[in-house]
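sequence first, then the predicted structure, then my questions.
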Amino acid sequence: MLSLSTLETPCLVLDRSRLIQNADRMTARFRDSGVKLRPHTKTSKSIDVARIALAGNFGGITVSTLKEAEYFADHGVDDITYAVSVVPEKMPRIAALLKRGVKLGVITDQIGVAQELSRRAVAEAVCVDVLIELDSGERRAGLLAGDGSVVTLGRALHDLPGLRLGGVLTHAGNSYQCRSLADIRQVAEEERLAAVTAAAQLRAAGLPCPVVSVGSTPTATHGLSWQGLTEMRCGVYMFGDVFQSEIGSHGLEDIAVSVLATVIGHRPEMNCALIDAGALALSKDRSTAAPGLPEDIGFGMVMSQDCRRRIGSVRVGHVYQEHGMLTADGPFPFDALPIGSRVRVLPNHVCMTAAMYDAYRVVEASAGPVTDLWPRINGW
C-alpha cells in the first residue's frame, strides 16, 4: 500500500475524513431550512467528491464549465446549473446534454444573448431553462435587483421560443472581502435581498420565478436568514483553504486538501530551503496577502508530513515554475526539515491549487496510508 513517504511528489492529497466532516456540516445546516443545497463542483471536479457532497441532498450540482457538466452527466448527475454567463456558440453542447435527459440551467444578464440563444435553441429543437444573473455586490456580472431591466429580460426569456425563464441567481463573491462575522452576515443579507427582490419583481409582472438561487461559502456558513430563497450554491466548503480559515469560514484543522512536497535543497546563507512544489504545483494565488487578514502565508502554509502540526513560521515565500522557496521568521529550522524530508503545504486558494492536478491521493485521515486515487477533470 502506498504511503505519504513513498508517493512521488509533488502530489495532491485529500483527507477523506475531513471532506466528509465538511460536507456533512453544510448539509446539516440546510437540512431543515427549506432551501436546497446545490453544491458547486468547480473546485473538486471529481465525481467521488461530488457523491459525498450530494449525500443527504436533492441531487443537483453547480458547475462552471460545460466540460464539468458533461463529465458529471456521464456519471449520472442529471440536474446541473451552469453558473457562468452563457454564450450562444455553446448551444450544440448544451443541446446535447438536454437531449440526454439532463436538466441543465444556464444564466445570462444580456437580452441580446437571450435572443440569439432562442434562435439556436429552436434550431436544435430544445428548450433551455435560463436564470437571470444578478449583481448582489461583487460587481462582476449581473443585473441590479429593482432595476427595470430585470423584468425586461425576464419577459424576453418567458416569451422567446426555445427558452424558459428559470428564475434568478446571484453569487456574493464580495463576501471574500469581509473581515468580520458581522460583515459577512451583512453581505449574506444583501445577497438574499437582491435575489428575493428580483424574484418579487418578476412575480409582480406576472412572470414565473421558480428558482431563487444564491451562494458563497462565507454567506452559506454565516448567513442568518434564508427567507424567500429556494437554493444555496457553495463549493469551497468541501475542501477549505487557508484564506477561508482566515476569514472565518472554517478552522485550519478543517482543510482537507494539501500538496505533498519534498525538501530538495538548503540555502543556509539565505536562511531558506527549497521544495519540489513551485508555481505549477501550488498556484500563484496570494489571497492571504490581502489587507486586514491575520497572516500572509506566502504561497502556502507549511505543515508536517502528517499535516498535524505547523512547522514554526515556515511558509512558501517564493515560487518559481517547479521550485518553492521556504522562508521563516527568524532562523530557518534546517534540522526539522532535512533534505529528503516531506511537508504538506496548505493552499491559499484551493480552487487554484487543485486545478493543477489530474487526481487526488486519498487518505482516510491526515497521516495516511493512501487508500485511493480519485481522478478529476480539467479544461473547458
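Good, I have the coordinates.

buried sites along the helix ranked longest in the chain?
In the chain, assigned by DSSP state H, the helix with the most residues is helix 181-204. By neighbour count on 16 or more other CB atoms under 10 Å, the buried set for helix 181-204 is 183-188, 190-202. Any C-beta I mention is one placed from the backbone N, CA and C, and that applies to glycine too.

and stretch 68-88, by the same measure?
68-73, 77, 79-84, 86, 88.

and the nearest residue to residue 40 once chain neighbours are set aside, what is it in contact with?
Take residue 40 and drop its neighbours on the chain: the residue closest to it by CB to CB, 6 or more residues apart in numbering is residue 235, 2.9 Å away. By CB atoms under 8 Å, 6 or more residues apart in numbering, the residues touching residue 235 are 39, 40, 41, 42, 43, 44, 62, 217.

repeat the analysis, applying 7 Å as the threshold.
Neighbour list for residue 235: 39, 40, 41, 42, 43 [criterion: CB atoms under 7 Å, 6 or more residues apart in numbering].

dump those residues to a markdown table, plus pLDDT and secondary structure.
Formatted as a markdown table, the contacts of residue 235 follow (pLDDT from 0 to 100; DSSP: H, G, I helix; E, B strand; the rest coil):
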| residue | pLDDT | secondary structure |
| --- | --- | --- |
| 39 | 98 | coil |
| 40 | 98 | strand |
| 41 | 98 | coil |
| 42 | 97 | coil |
| 43 | 97 | coil |
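
from residue 220, how far off is residue 30?
8 Å (CB to CB, to the nearest Å).

looking at the two, which is more packed in?
Comparing residue 30 with residue 220 by other CB atoms under 10 Å, the one with more neighbours is residue 220, at 26 against 20.

follow-up on the earlier one: contact partners of the longest helix of the chain?
For helix 181-204, the external contacting residues (CB under 7 Å, 6+ apart) are 132, 134, 136-137, 145-146, 150-151, 154, 167-168, 170, 172, 174-175, 178, 209, 212-214, 218-219, 222-226, 228-229, 248.

quick one: which of these sit in strands?
132, 134, 167, 168, 170, 212, 213, 214 (DSSP state E).

would you format these as TSV with distance to residue 96, pLDDT and neighbour count included?
Output for these, formatted as TSV (distance: CB to CB, whole Å; pLDDT from 0 to 100; neighbours: other CB atoms under 10 Å):
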residue	distance to residue 96	pLDDT	neighbour count
132	24	98	30
134	28	98	29
167	24	98	25
168	26	98	31
170	28	98	30
212	28	98	24
213	24	98	27
214	29	98	29
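
go through those residues and name the one nearest residue 329.
Closest approach to residue 329 among the ones in strands among the contacts of helix 181-204 (CB to CB): residue 214, at 39.9 Å.
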